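Visitor: have a look; sequence and predicted model below, questions after that.
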Amino acid sequence: LRKTYDVILLLSTSKWVHLQNGDQGLKELFTQIRYWLRPNGIFILEPQPWKAYKKVADASEEAEATWRTIRLRPSQFLEFLTQELKFHPEHRWVHVSHALES
């Protein structure tokens with residue numbers, strides 16, 4: 001019996017997952033979210049702007065090393081979720097714009 005959820009929130013966290021685990025880690029998280037989400041469930045995503053990633057990378061050598069390898073930019077998350085992961089039509093998801101300053 002797998003656990004599923006009606007609503008999954010990913011607010012101001014995708015940047016941290018991405019900078020700690022790279023593209024593969026973020027893709028795995030999105031894949032897991034798709035698996036956890038019930039039919040007619042809602043996924044709310046608030047990705048941070050790319051310049052917020054750079055701000056963290058400038059402050060940490062480890063984050064900068066990962067930042068340099070990232071190819072999946074926040075502006076591409078929408079396409080990845082719909083084209084690559086094929087979020088089902090019964091899933092609803094919301095892309096929340098993030099404030100420019102982070």
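Guide: Looks like it arrived, so ask away. Owing to the predicted nature of the structure, the values given are computational and were not obtained by experimental measurement.
Visitor: how about residues contacting the longest helix along the chain?
Guide: Taking DSSP state H as the criterion, the chain has its longest helix at helix 14-36. Identification of contacts with helix 14-36 by C-beta atoms under 8 Å, 6 or more residues apart in numbering yields 2-5, 8, 10, 43, 45-48, 52-53, 56-57, 63, 66-67, 69-72, 74, 77, 80-81, 84-85, 87, 91, 102. C-beta coordinates here come from the backbone N, C-alpha and C atoms, glycine included.
Visitor: report the angle between whichever helix or strand comes after it and helix 14-36.
Guide: Next in sequence after helix 14-36, counting helices and strands by DSSP states H and E, comes strand 37-46. Angle of strand 37-46 versus helix 14-36, following axes from the mean of the first three to the mean of the last three C-alpha atoms, to 10 degrees, is 170 degrees.
Visitor: average model confidence for strand 37-46?
Guide: Averaged across strand 37-46, pLDDT comes to 87.
Visitor: and it, what's buried?
Guide: Along strand 37-46, the positions that meet the burial threshold by neighbour count (16 or more other C-beta atoms under 10 Å) are Leu37, Gly41, Phe43, Leu45, Glu46.
Visitor: show me the beta-bridge partners of the last one.
Guide: If I follow you right, that is Glu46. Note on Glu46: beta-bridge partners by DSSP bridges are Leu11.
Visitor: roughly how far does it sit from Glu61?
Guide: From Glu46 across to Glu61, the span is 27 Å (C-beta to C-beta, to the nearest Å).
Visitor: perfect, I'm done here.
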